[in-house]
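**Student:** Have a look at this fold, sequence not included:
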């Protein structure tokens, strides 16, 4: 730590900001500005370059650089004399972050936060990177040396740097502006998904789970794709049996092959066709089995690892090692939301209670620690760093979550401690390798990780599984009580983001449907209500980006719309209340108006008209969160199924085509988009219920539907006769119109005393079904 760091009253203008991240820097000796015209005018007036620092309030390495550099008087003096210094919260202004992060990634080969970028007074990039140490070390330039170097370059050749920056932005513009015009939609085919699967198959860590080496991120978008790939492969194969192909004609084999995307090039005789399709079917079945094994194994490893908070619930950001053991300890709402969805989907597929218990663990954490108890919205994150004890002067990473062995023995006693420590890999000198503790903050500390299975631990101590579970449960409860009562809690970023709340709404809805916990649905409904009341302008029909005591002045971005629309569509299917569907339609129309690229297809991440954003970007990859484009394609396809607006389907197709280069060459960079592409190609199965949602038979229909993993479903409730006049579906969905027979009176099937259900595909329905057992059988056959 820098010896000249200071602690003083707030001295810069960030004290007037709302963002928790900016407020963390309000007492720096650095003369910080928020992203504002005031800062840019000062830079132009004084002909100074801009130093742009981007991060977020729970970012560990942002804290490190702040303590080492931004709190240092000498370094602050260098910054103030030579630069106009600007701070940006990436979660509040993702358009700024996205533009300059793309520059950093393309010029340095990496990215992350804190992001450090030097700009011309006209905001063109000069040089960028991430964390810089406070002095030159290990062959890496220190931050003071970098400041001096950039200042010298600016004084010697400002015009040259300006031209270079303008050229770089022009290159970024060409890089980001893919055009869907003239591209054949034939390039959108199932082979893109097979290529994506092959990447994950080839990079799978057979021993520890996950894909690739350390550090390891859970990256739920990968699971999102893989589980859908598994579903569609099985759906396509159906009851295909290699032995039956010999009895088929070549024409019949070709029909089956077309469904599977098989190229029969080179096949001349019938035996060639038979052998080809047998081989493909066999390989696809193996791929489906391998897919589910990879996801199941990885999710189990993650849940047993140190990245999972076994005492305080929920999941940390990522693991610094390949073992899912030593994490960076921040907890993000978007991780909890997406992992909740993933564990629920794994539960629906496997029917193993373990995955349901992990899902419940996530909800417990989010409801307790990330929920606004007054409004019902969900906070953004909890910090990695906290004070190790009440009288501590400095925060340490992981202090709230890690344990010394002696602590555990003092809290649990001898007998329970022996069992607990053996099961969770607790060691006298700590279980964190020194190379994973580069700042020396985890010496003698233990990050809990399930080193042994329940069966192994029970066998080791010669006790029953029931007794062991009781010991582990009460031990966790005692440690949690100590932790929450005795240790200072980490900083919580109480900023409520529209996008991340949208993800959480979807996750809670899926948990409700799978587990039947009505409380989960109530949490989702309350979040949506908060967003509509506090973060939506009904006159302009636009969203706000964030809320902290009051709505921010920043309007929503494309991901705010796409993630919330997805949540509202899920909420409609859970409640069958058309109010959620109506709001989703309004938001989709606003998103189309503000963000859709009418020339090149796809959605920009920011609206037009901001002169300080040199380049409107489109997200070209799925990362910690799915890209707005990936989710938007799925939303548009689903909404097209509901209200049959052909413009929605056209925009979904154009968005896919605008990403065709990535889909063809590197589909694994956009796994969520590949999943949305499959939905677009395969279409949606409409399940239409006729009757009151409160009727016992309708309840049985819903239970059958909700206990299955059906990523291609659209659940629809036909309105009663009294609701037809106000029903969106009755006016805009041909299937509902047909069933209701609006022109000739209400069909007899609408009799609420005898509910019925239809399975429909391509807007064509089968006969009404009035027995749950028959529906269950027909649903299985239709998959």
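**Tutor:** Done, it's in. In this text, all values refer to a predicted model and were calculated from it rather than measured experimentally. Numbering: from 1, shown residues only.

**Student:** Pull out the buried residues from stretch 442-455.
**Tutor:** Residues 442, 445, 446, 447, 448, 449, 450, 451 are the ones in stretch 442-455 that count as buried (16 or more other Cβ atoms under 10 Å). Just so you know, the C-beta spots here come from the backbone N, C-alpha and C atoms, and that holds for glycine as well.

**Student:** and if you look at stretch 11-26?
**Tutor:** Judged by neighbour count using 16+ other Cβ under 10 Å, the buried positions of stretch 11-26 are 11-14, 17-26.

**Student:** do stretch 193-212 as well
**Tutor:** Neighbour-count burial for stretch 193-212 flags 193-197, 199-200, 204-205, 208-211 (criterion: 16+ other Cβ under 10 Å).

**Student:** Ok, stretch 396-413 next?
**Tutor:** The neighbour-count check on stretch 396-413 (16+ other Cβ under 10 Å) flags 396-405, 407-409, 411-412 as buried.

**Student:** and if you look at stretch 64-81?
**Tutor:** 64-72, 75-76, 78-80.

**Student:** Which members of the buried residues of stretch 396-413 occur in strands, if any?
**Tutor:** Among those, the members found in strands (DSSP state E) are 396, 397.

**Student:** How about residue 134, nearest residue that isn't a chain neighbour?
**Tutor:** Spatial nearest neighbour of residue 134, excluding adjacent residues (Cβ to Cβ, 6 or more residues apart in numbering): residue 68 at 4.1 Å.

**Student:** Any figure for the gap between that neighbour and residue 399?
**Tutor:** In this view, residue 68 and residue 399 are 19 Å apart by Cβ to Cβ, to the nearest Å.

**Student:** Can you tell me the centre-most residue of this structure?
**Tutor:** The centre of the chain sits closest to residue 625, judged by Cα atoms, centre = their mean, with a distance of 3.1 Å.

**Student:** circling back to that earlier point, which pair in the buried residues of stretch 442-455 spans the largest distance?
**Tutor:** Spatially, the most separated pair among the buried residues of stretch 442-455 is 442 and 450, at 18.8 Å (Cβ to Cβ).

**Student:** And the strands in the stretch 351-500 of the chain?
**Tutor:** Along the stretch 351-500 of the chain, the stretches classed as strands by DSSP state E, counting those that start in this stretch are 379-382, 385-386, 396-397, 492-497.

**Student:** again with the stretch 551-700 of the chain
**Tutor:** Remark: strands assigned in the stretch 551-700 of the chain by DSSP E, counting those that start in this stretch are 685-690.

**Student:** Relative to its centre, which residue of this protein is most distant?
**Tutor:** What lies farthest from the middle of the chain is residue 269; by Cα atoms, centre = their mean that is 48.8 Å.

**Student:** Now do the nearest residue to residue 614 once chain neighbours are set aside: how many residues are near it, please.
**Tutor:** Sequence neighbours aside, residue 169 is the residue nearest to residue 614 in space, at 5.3 Å (criterion: Cβ to Cβ, 6+ apart). If you count neighbours by other Cβ atoms under 10 Å, residue 169 ends up with 18.

**Student:** so residue 169 touches residue 617, yeah?
**Tutor:** No - the criterion here is Cβ atoms under 8 Å, and residue 169 misses it with residue 617 at 11.2 Å.

**Student:** who's residue 318 bridged to?
**Tutor:** Under DSSP bridges, the beta-bridge partners of residue 318 are residue 328.

**Student:** got a list of what residue 621 touches?
**Tutor:** Residues in contact with residue 621 (Cβ atoms under 8 Å, 6 or more residues apart in numbering) are 627, 662, 669, 670.

**Student:** What helices and strands are in contact with the strand or helix carrying residue 521?
**Tutor:** When elements are assigned from DSSP states H and E, residue 521 belongs to helix 518-534. When contacts are defined as 3 or more Cβ pairs under 8 Å, 6 or more residues apart in numbering; DSSP states H and E, helix 518-534 packs onto helix 353-369, helix 498-515, helix 558-575.

**Student:** what's the average pLDDT for the second one?
**Tutor:** Here the mean pLDDT over helix 498-515 is 98, rounded to a whole number.

**Student:** elements contacting it?
**Tutor:** Packed next to helix 498-515, using 3+ Cβ pairs under 8 Å, 6+ apart, are helix 333-350, helix 353-369, helix 518-534, helix 558-575.

**Student:** Distance to residue 30 for those - can I get that in TSV?
**Tutor:** Formatted as TSV, the helices and strands packed on helix 498-515 follow (distance: least, Cβ to Cβ, whole Å):
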stretch	distance to residue 30
helix 333-350	29
helix 353-369	32
helix 518-534	33
helix 558-575	30
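
**Student:** would you turn the ones you listed into JSON lines with mean neighbour count, mean pLDDT and distance to residue 106?
**Tutor:** Shown next, in JSON lines, are the helices and strands packed on helix 498-515 (neighbours: other Cβ atoms under 10 Å; pLDDT from 0 to 100; distance: least, Cβ to Cβ, whole Å):
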{"stretch": "helix 333-350", "mean neighbour count": "24", "mean pLDDT": "98", "distance to residue 106": "25"}
{"stretch": "helix 353-369", "mean neighbour count": "19", "mean pLDDT": "98", "distance to residue 106": "35"}
{"stretch": "helix 518-534", "mean neighbour count": "19", "mean pLDDT": "98", "distance to residue 106": "35"}
{"stretch": "helix 558-575", "mean neighbour count": "26", "mean pLDDT": "98", "distance to residue 106": "21"}
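
**Student:** And these: which comes nearest residue 379?
**Tutor:** Each of the helices and strands packed on helix 498-515 has some distance to residue 379 by Cβ to Cβ; the shortest is helix 333-350, at 6.8 Å.

**Student:** Distance of the nearest residue to residue 760 once chain neighbours are set aside relative to residue 762?
**Tutor:** Nearest non-adjacent residue to residue 760, counting by Cβ to Cβ, 6+ apart: residue 686, 4.0 Å away. To residue 762, residue 686 is 9 Å away according to Cβ to Cβ.

**Student:** The two: which has the busier surroundings?
**Tutor:** A count of neighbours by other Cβ under 10 Å puts residue 686 above the other of residue 686 and residue 762, at 23 against 9.

**Student:** just the helices in the stretch 401-550 of the chain please.
**Tutor:** Taking DSSP state H, counting those that start in this stretch to define them, one finds helices in the stretch 401-550 of the chain at 405-412, 414-423, 454-461, 465-486, 498-515, 518-534.
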